[in-house]
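**Q** from the sequence below, what's the structure:
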Amino acid sequence: MKVLILADQCNPEWPSLPLVGYKASLEISKIVDAVIVTHIRNKENIERNGFGNAEVIFIDNEYIAKPVHKLSKFIRGNEGGWTIAMALAYPSYLAFEWEAWKTLKHRIIAGEFDVIHRVTPMSPTLPSFMASKTKVPFVLGPLNGGLKWPAEFSNERKKEREWLSSIRKAYKLLPYKKSTITNSKAILASFEHTIADIPADMQEKVINFPEVGIDPLLFNMPQSKVGNTKKTILFASRLVPYKLPDVILEAFIRSDILQQHKLLIVGDGPLRASMESKVKEHQLENSVDFVGWKTQQEVGEYMRQSDIFAYPTIRELGAGALVEAMACKMACVVVDYGACGTLIDNDRGVKIPLQSKEKIAEQLSLELEKLVVNSELISELSENAYKHVMQYYTWPQKAKKTEQVYQWVLGQAEKPSFWN
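**A** Residues are numbered from 1 along each chain as shown. Coordinates of the predicted model:
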């Protein structure tokens with residue numbers, strides 16, 4: 001089977017979506033004959049890290065991507081404004097696929113490829129130009145988007161510069177949007193919040209297929225952790241309003257029990273300065289550590305050394321950090337909303353109901369107190385979480401599921417289910 005993979009965002013050394021795009025595409029290329037089409041910006045890092053036996057084609061649309069990126073950064077700054085970013089990315093991405101079509105048109109028409117799969121971008125708001133230009137079965141996704149901002153956190157939405165979120169549905173009127181959905185043979189959609197955004201008459205094409213995955217070489221804890229009396233509670237992500245890292249700190253401030261343990265904060269962002277001031281104000285320097293931004297490998301090591309992953313984010317579309325923590329045998333405490341609510345079940349973590357920020361802090365403090373005094377509960381939850389992610393979320397396992405999708409669109413197999 002020969003597959004053409006479109007992966008504009010695909011970089012082994014850049015965090016978040018570019019790394020997901022690279023890991024997913026690399027593993028797929030190990031089990032099918034793949035041609036990877038990606039952006040010229042990724043060339044240096046891909047050539048340094050390699051792409052197995054796959055043919056890699058680099059597309060240059062910098063004539064439009066570069067000025068649009070500058071405009072986006074000017075409007076959004078370094079953080080937030082994801083809806084704005086996607087709106088501005090529209091012309092750049094269409095230019096990417098247009099250049100890819102010009103480069104590969106003769107090979108596609110000649111019937112060289114059995115399937116065309118757009119792996120990235122993963123935003124449902126960015127349509128595909130190529131989906132309507134070819135009769136080759138087209139696989140779209142995994143897509144992830146459409147998770148609504150909770151009403152209780154309108155202040156956080158403003159801080160994240162999500163000024164366009166109220167008119168987000170206008171993306172459905174964009175050129176190529178309808179044809180992309182109509183011409184896709186399979187639509188991989190991450191979690192129910194994305195599936196709900198897809199038209200009802202297209203639902204038979206949809207497969208619930210989370211985009212998140214883990215590298216077992218970086219995030220793995222096959223042996224049980226030795227229970228220490230003093231527990232380490234970890235937060236590892238960007239220190240931005242919707243992740244609620246300040247709520248974890250508030251949970252520590254209000255609990256004498258938690259202050260006997262360790263809170264480790266890995267990551268950086270605009271909330272760091274105010275959080276550090278609070279630590280000094282409440283004299284918590286001996287129990288709270290900020291270590292800043294770390295590489296994926298370093299984050300994996302912190303996770304293996306920690307016991308509990310506190311992750312009360314209230315608008316998590318994919319929750320890659322959560323899957324990594326589960327793979328490192330951590331007992332996870334999350335807010336029951338978005339991706340976190342699906343990834344964590346009662347037997348593999350603790351879910352706090354979505355509610356006001358004050359009530360989340362209050363309940364988070366209580367749930368963490370229960371865990372730090374109960375090593376057996378930590379062990380039970382973490383073992384179950386570990387087994388779950390190793391069964392479904394390693395990149396090799398996900399690549400096998402993707403191959404089943406290809407077989408389905410080619411009429412060679414039944415429609416697959418991600419969790420079967």
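
**Q** now do the contacts for Ser25.
**A** In this structure, Ser25 makes contact with Ile5, Ala7, Cys10, Ala34, Ile36, Phe51, Ala54, Val119, judged by Cβ atoms under 8 Å, 6 or more residues apart in numbering. No exception for glycine: its C-beta is placed from N, CA and C like everyone else's.

**Q** same question but for Asn228, I mixed them up
**A** Asp307.

**Q** for it, which three-state class applies?
**A** Assigned by DSSP: H, G, I helix; E, B strand; the rest coil, the conformation of Asn228 is coil.

**Q** I'd like the distance between Ala100 and Ala273.
**A** Look at Ala100 and Ala273: by Cβ to Cβ, to the nearest Å, they are 43 Å apart.

**Q** for those two, indicate the residue with more neighbours.
**A** Ala100 (22 against 10; other Cβ atoms under 10 Å).

**Q** show the average pLDDT along the one helix or strand that one maps to.
**A** Here Ala100, judged by DSSP states H and E, is contained in helix 82-109. Confidence for helix 82-109, expressed as mean pLDDT, is 87.

**Q** ok, back up a step: who wins on neighbours among the contacts of Ser25?
**A** Neighbour max across these (other Cβ under 10 Å) = Cys10, 30 neighbours.

**Q** check contacts around that residue.
**A** Contacts of Cys10 by Cβ under 8 Å, 6+ apart are Pro18, Gly21, Tyr22, Ser25, Ile36, Thr38, His39, Asn42, Ile46, Val119, Thr120.

**Q** skipping its backbone neighbours, what lies nearest the residue nearest in space to the middle of the chain in space?
**A** When the chain is reduced to its mean C-alpha position, the closest residue under Cα atoms, centre = their mean turns out to be Gly318, at 3.7 Å. For Gly318, ignoring the flanking residues on the chain, the nearest one in space by Cβ to Cβ, 6 or more residues apart in numbering is Val212 at 4.8 Å.

**Q** in terms of helices and strands, where is that neighbour?
**A** Applying DSSP H and E, one finds Val212 in no helix or strand.

**Q** same deal with Cys10?
**A** Using DSSP H and E, Cys10 sits within no helix or strand.

**Q** quick one, domains of the chain?
**A** Segmentation of the chain into domains, based on automatic domain parsing, reads 2-213+394-409, 232-392.

**Q** how about these in TSV, adding distance to Phe219?
**A** What follows is the domains of the chain, written out as TSV (distance: least, Cβ to Cβ, whole Å):
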stretch	distance to Phe219
domain 2-213+394-409	9
domain 232-392	4
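
**Q** go through those and name the closest to Trp419.
**A** domain 232-392 (6.3 Å; Cβ to Cβ).
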